[in-house]
Each structure stands twice: as structure tokens, then as C-alpha cells.
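# Curious how this folds, go ahead:
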Amino acid sequence: MSDTDTAAVKILFVCTGNSCRSQMAEGFARAMADETYQVSSAGTMPIGILPETIRTMAAAGVDISGQSSKKLTEDMIRRADYVITLCGHARDHCPAIPSGVVHRHWEVDNPDRAYFSDEARRQGFARVRDDIRNRIRALLAELSHRRREMS
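Predicted structure coming up:
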């Protein structure tokens, strides 16, 4: 295997606050991917991880309590192979993505919004979590398939 075959694929997930959606994506990708992937997340205006995000992921068996909310930088984007934005604000306020870096946009609902009850809020977070988990599964399957084709 050549060095390019063994080089880790770097995936960066971006949302506005780096408080929920991108943290969930990072957590699932870390849990599902093997060592041939380097996964991170950042926000255009980070606010810290929401406690509900940590609880919702824990309910799915993924511990993200050690993750941190980070400010998106141009250097992060330059080092990535894939930049995946998870909301329109992040897509629209993301620094320019250089050629050679693949940008994908996933429009994922913001679960941190006003709800009529705690139960509705919990269900909203769980719905977003499950959506992101399915998207991560599909992404990793696609990337794995591409790597096999190239080897």
C-alpha cells in the first residue's frame, strides 16, 4: 500500500454553534469510522456543547462528553479532505473552501429551538440525532467504497 492509500481521510463537520449538529456528526463518525479517518467539528460562532446534545448521544450509546466546541478557522478547512456543513448559516458563512477539498451541504434541522414541552424537545434532539447517524453511515459507506475502487 502506498502512503496515499494509508493517509487518513480528514472530515470536518461545520455548523453555526458547534453545539449540537456538528458535535453529533463528529461523535457518530468517530464511533463508526476506523483509524483511516480523522474527524473533527467546528462552528462559525461556537457556543459550547449543549447538555441535551451530550444526553441525546449517550442515549444512542455514543459518549461525546470529551469533545469540545471550536471556532472554525481557514486552516481547519485547508487541512480537510471533506468539509460538511450542516446548516445554511454555516454554509453561507464558511470561509472559502479551496479546490481539492470536497464540500457537501446537509441541511439538518436545528433541534435547539423553542418547544412546547421538555418531551417535545427531547424528541426533536433524538430525531436530529437519528437523521445525522443515517447520513454518517451513508457517507462512510460511500467513502469506503471509493477507497476500495482506488486501491
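# rest of the way, CA atoms for contacts and neighbours
Will do.
# Backbone dihedrals for the closest residue to A80 other than its chain neighbours, both of them.
Excluding its sequence neighbours, the residue lying closest to A80 (CA to CA, 6 or more residues apart in numbering) is K10, at 4.9 Å. Backbone torsions for K10, taken as degrees, to the nearest 10, come to phi -100, psi 120.
# ok, K10 - how many residues close by?
For K10, the tally of surrounding residues (other CA atoms under 10 Å) stands at 18.
# Return the residues in contact with it.
Y37, Q38, V39, S40, R79, A80, D81, Y82 (CA atoms under 8 Å, 6 or more residues apart in numbering).
# Kindly write the ChimeraX command that selects the buried subset of those residues.
In ChimeraX, this line selects whichever of these come out buried by 16 or more other CA atoms under 10 Å:
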select :37,38,39,40,80,81,82
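# Go through the contacts of K10 and flag which are in helices.
Counting by DSSP state H, the contacts of K10 place R79 in helices.
# burial measure for A60, as a count.
13.
# just V9 next, same as before
Neighbour number of V9 under other CA under 10 Å is 18.
# List the contacts of it.
Residues counted as contacts of V9 (CA under 8 Å, 6+ apart) are T36, Y37, Q38, A80, D81, Y82.
# Can you add distance to M57 and give those residues back as TSV?
TSV is the format used below for the contacts of V9 (distance: CA to CA, whole Å):
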residue	distance to M57
T36	23
Y37	20
Q38	20
A80	25
D81	25
Y82	23
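# got those residues as a markdown table, with pLDDT columns?
Shown next, in a markdown table, are these (pLDDT from 0 to 100):
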| residue | pLDDT |
| --- | --- |
| T36 | 93 |
| Y37 | 96 |
| Q38 | 97 |
| A80 | 97 |
| D81 | 97 |
| Y82 | 98 |
